[in-house]
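below is the sequence, then the predicted model.
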Amino acid sequence: MTDAEPRRSWLLPPGAEPVAWALIIGRALRAFCDGYVAVLLPAYLLALGLGTWEVGVLSTATLLGSALATLAVGAWGHRLAQRLLLPTAALLMVVTGLGFTGFSSFWPLLLVAFVGTLNPGAGDVSVFLPLEHARLAAAAQGESRTALFARYTFLGALCAALGSLAAALPDLVAGAGIDRLTALRGMFLVYAGVGLGIWWLYRRLPQPTREAPPPTPERLGPSRPIVLRLAALFAVDAFAGGLVVNALLALWLFERFGLGLAAAGHFFFWAGLATAFSQLAAPWVARRIGLVNTMVLTHLPSNLLLILAALAPSLGLALTLLILRALLSQMDVPTRSAFVMAVVTPPERAAAASLTVVPRSLAAAVSPALGGALFAAGWLATPLVAAGALKIAYDLALWWGFRQVPVR
């Protein structure tokens, strides 16, 4: 790291290249916007006169478009100039914010949601993710790379939690005499402005060097049966998760308890903090009880808490149960990835990662529309109960099928 960049060193672990600084800052900015958009999206669509079903369909469109864009980048991204991909994604973020600011009817918004970068959930699902991961992986080696990804992930989760607090701004400025719908549109204009800042940040990235040609991916061999079983189970879990993405969970709080934007923002802030710090604890727990036990024994109670929250008679009890769920529900994320890599041979790891991630993305994209339809039918508790029940079935099947599988 050069003397001209001393202020960046606190973000980067020893041995990481300075280029990673811009990637971490870009992730933090995007996460902040994702944090408030997930809360504001249902409120904005309802303010435009759309219904709960349309909220679900638009959430499905965002996830499906992101999944297909990620597949496209994996299949054809190597044919394009690498220095152009991240700035182009940032410009797409600008277009997304401007589209949601300017359009008011369902079909144009649906198109923008499909091709754009909005994220209705807690995790990062946009086309930025594989592009940033590829550059981060090249910016460090060994333990430094692991530490770099940890800082990238943790800072993203922390900024997403802070972004949730910004969801209160439209109601605050509306109280000062500004029209609420105008204030909601303004937040999407801010989203576009942040995208412009990320474009400026990423257009300055150097062209990645290629010291060696990319290795030819290995097909699955002896690990194929176990990876296919894992992919099927992960798809069930992802489908269930799509029923309770943050946008739909916020919609449930609005419809079930009449919660305001400011209160919803505070809830998602604390839930986001709980999620961020629980992921830091996951490796510590896994070292003591094993990967599968960590995945199941933290996930199972979190899903019971989700079902109880769906049936809670009061807002205070529901929010308490959901915060407790947030402390446990994402501890399986890092352990899941580690488990997949630990049960296959090293040459099969790239293929195993692809085969388990892609079905998850597609399955998660389908269910928000179903959740919105159930809300529209008046069955407000059903998506949460169904999500919890499906996830419990996933947990039990995972434990029964993989508790004795040896890891490498």
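Looks like it arrived, so ask away.

quick one, phi/psi of Asp179?
Asp179 adopts backbone torsions of phi -60, psi 130, taken as degrees, to the nearest 10.

which pLDDT does the model give it?
If you check Asp179, the pLDDT there is 90.

go on, the one 4 residues further on?
Per-residue confidence for Ala183 comes out at a pLDDT of 94.

how about it: what's its closest non-neighbour residue?
Of all residues not flanking Ala183 in the chain, Pro170 sits nearest, at 3.8 Å (C-beta to C-beta, 6 or more residues apart in numbering). All C-beta atoms are positioned from the backbone trio N, CA, C, and that covers glycine.

give me the element that neighbour is part of.
Per DSSP states H and E, Pro170 falls inside helix 169-174.

what helices or strands is that helix leaning on?
Where contact means 3 or more C-beta pairs under 8 Å, 6 or more residues apart in numbering; DSSP states H and E, helix 169-174 is packed against helix 19-47, helix 180-202, helix 261-289.

buried deepest among those helices, which one?
Of all these, helix 19-47 carries the top mean neighbour count, a mean of 24, counting by mean count of other C-beta atoms under 10 Å.

give me the angle between it and helix 261-289.
On the basis of axes from the mean of the first three to the mean of the last three C-alpha atoms, to 10 degrees, helix 19-47 is oriented at 130 degrees to helix 261-289.

packing partners for the following helix or strand past helix 19-47?
Next helix or strand after helix 19-47 toward the C-terminus (DSSP H and E): helix 52-76. Where contact means 3+ C-beta pairs under 8 Å, 6+ apart, helix 52-76 is packed against helix 19-47, helix 106-115, helix 128-138, helix 246-257, helix 349-376.

kindly export stretch 399-406 (C-alpha atoms) in PDB.
Backbone C-alpha positions of stretch 399-406 (Å, rounded to 0.1, in the frame of the first residue of the first chain) are rendered in PDB as follows:
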ATOM      1  CA  TRP A 399     -29.600 -33.100   9.400                       C
ATOM      2  CA  TRP A 400     -31.000 -36.600   8.600                       C
ATOM      3  CA  GLY A 401     -29.200 -36.800   5.200                       C
ATOM      4  CA  PHE A 402     -25.900 -35.200   6.000                       C
ATOM      5  CA  ARG A 403     -25.200 -35.600   9.700                       C
ATOM      6  CA  GLN A 404     -22.700 -38.400   9.100                       C
ATOM      7  CA  VAL A 405     -21.200 -37.200   5.800                       C
ATOM      8  CA  PRO A 406     -17.400 -36.800   6.200                       C
END
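
for that stretch, buried residues please.
For stretch 399-406, the neighbour count (16 or more other C-beta atoms under 10 Å) marks 399, 402 as buried.

which one is Thr294 nearest to, not counting chain neighbours?
In space, and not counting its chain neighbours, Thr294 is closest to Ala286: 4.4 Å by C-beta to C-beta, 6+ apart.

list the residues that contact that neighbour.
Neighbouring residues of Ala286 by C-beta atoms under 8 Å, 6 or more residues apart in numbering: 294, 335, 338.

count of neighbours near the first one?
By the other C-beta atoms under 10 Å criterion, the neighbourhood of Thr294 contains 25 residues.

over to it. Which of the three states is it?
helix (DSSP: H, G, I helix; E, B strand; the rest coil).

which regions of the stretch 51-200 of the chain lie under the pLDDT threshold?
Counting by pLDDT under 70, the stretch 51-200 of the chain contains low-confidence residues at 73-82, 122-125, 142-143, 146.

how many residues are close by the nearest residue to Leu189 once chain neighbours are set aside?
Once flanking residues are discounted, Leu189 sits nearest to Thr101: 4.9 Å by C-beta to C-beta, 6+ apart. Number of residues near Thr101 (other C-beta under 10 Å) recorded here: 17.

next one: Thr101 from Leu172, what distance?
According to C-beta to C-beta, to the nearest Å, Thr101 and Leu172 sit 19 Å apart.

ok so, going back, okay, the helices and strands packed on helix 52-76 in CSV with distance to Ala312 next?
Shown next, in CSV, are those (distance: least, C-beta to C-beta, whole Å):
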stretch, distance to Ala312
helix 19-47, 20
helix 106-115, 31
helix 128-138, 34
helix 246-257, 9
helix 349-376, 17
